[in-house]
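S.K.: model the following, please.
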Amino acid sequence: MITSSLYPHLAESMRWPFRHGVFLVFGALLTFSMLTWLTPLLIVVCLGMPLLFALYGWQSGVFRDVSPRVLLPAIAVSAAISVTWWVWSEALVARVYDIPVAVGSQLLHGLALGLTVSLAGTGLMLAPTVVVKFFHRRVSESLDGFVIGASCALTYSAAGTIAWLAPQVAVGLVDNYAPWRLFEEAFFYGFVDPIVTTAAGGLLGLRLWFRPGSRCGDPRRVRRILEALTAAGIAIYLAIYLVDAADLSRFTEIAVNAVLAAMSLVTLRAAIQVTLLHEEADPGTGATVVCEDCSRTVTDRPFCPGCGAASRAMSRTTRSRRIEVPSSGDGD
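M.R.: Below is the predicted model:
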């Protein structure tokens, strides 16, 4: 499921609105592409999925758990690095081939230089998350690390997409694109890239902030699993740019990108499950509470006795606001 993987802090009751939001973004990309409405299409491509992630952070309360002094500078640095890097790389190609910058961005797909730029860009995208981990060790939960990593990576992606596509739209390079050609580009930059980017950054955050708990039998084995999943997520991120650079037919490229996005979601889902099962869990208060996922009245434990949901899948803000039921109640 897209929403429970990309937005793991959401309770079941809140997943449907976000599921509708994801399909609304996809529908807007398809509709504006078919109508060749370039301005609204560019807005949705650049801001659609990042805006959904921002709403997720606000709605779930996780942005209140992670200090703004940690998150906001990291996001700002990610955006600045992204714009600087992609503008410089476009200008580099333009100088090499003596062509306008906007045209240089078009040619970058077919050049060997494009792979080098993508590799270096991946490192720059992930660097702010590593820096946050180095300077702010008080962030204690794996899913907080997921939010930090995903926010930095998604900001990097959105800022880079604006820097990458805006010159092309401004000089009219895409004015004569056929509707399906527009959708191919919009699907890649506005849907596949944000999903794969969120997964790659989130996986790195999960690994960096993972702390094995007392239930974890072999911490080194769990760490190796998370490292393998993180490497797979980053490899999928690089793969979508290799596919974009390859000379594939339009519908083949769309299909391959959709498969890669699904693979990144499965990889992220597996990593989230591993961390929640093996990290240090909340001890549980023993109080009788209403589970946010299944809405049953249960005893407060690390995992819900009714549906099995991990308490740490909720933000600390949400956990602190759970409704307590008098102990004379049913309890299960």
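
S.K.: so how far is M263 from L229?
M.R.: L229 is 11 Å from M263, where distance means Cβ to Cβ, to the nearest Å. (Glycine included, C-beta is placed from N, CA and C.)

S.K.: ok, now I81?
M.R.: 27 Å.

S.K.: circling back: and L229 and M263? which has more neighbours close in?
M.R.: L229 (23 against 17; other Cβ atoms under 10 Å).

S.K.: buried residues in the helix or strand harbouring the more buried one, which are they?
M.R.: In this structure, L229 sits in helix 219-245 according to DSSP states H and E. Of all the residues in helix 219-245, those buried under the rule 16 or more other Cβ atoms under 10 Å are 222-223, 225-226, 229-230, 232-234, 236-241, 243-245.

S.K.: what's the offset of stretch 239-248 from the middle of its chain?
M.R.: Stretch 239-248 sits 20 Å away from the centroid of its parent chain (Cα atoms, centre = their mean, to the nearest Å).

S.K.: what is the rounded mean pLDDT of it?
M.R.: Stretch 239-248 shows a mean pLDDT of 80.

S.K.: would you put the C-alpha positions of that stretch in PDB?
M.R.: The C-alpha coordinates for stretch 239-248 follow below in PDB (Å, rounded to 0.1, in the frame of the first residue of the first chain):
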ATOM      1  CA  ALA A 239      18.000   2.900 -11.800                       C
ATOM      2  CA  ILE A 240      15.200   5.200 -12.700                       C
ATOM      3  CA  TYR A 241      17.600   7.700 -14.100                       C
ATOM      4  CA  LEU A 242      19.400   5.000 -16.100                       C
ATOM      5  CA  VAL A 243      16.000   4.000 -17.500                       C
ATOM      6  CA  ASP A 244      15.200   7.700 -18.200                       C
ATOM      7  CA  ALA A 245      18.500   7.900 -20.100                       C
ATOM      8  CA  ALA A 246      17.900   4.700 -22.100                       C
ATOM      9  CA  ASP A 247      16.300   4.800 -25.500                       C
ATOM     10  CA  LEU A 248      13.100   3.000 -24.600                       C
END
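
S.K.: what helix or strand is the nearest residue in space to L47 that is not next to it in sequence on?
M.R.: Spatially, and ignoring its direct neighbours in sequence, L47 is nearest to A158 (6.8 Å; Cβ to Cβ, 6 or more residues apart in numbering). Per DSSP H and E: A158 is located in helix 142-170.
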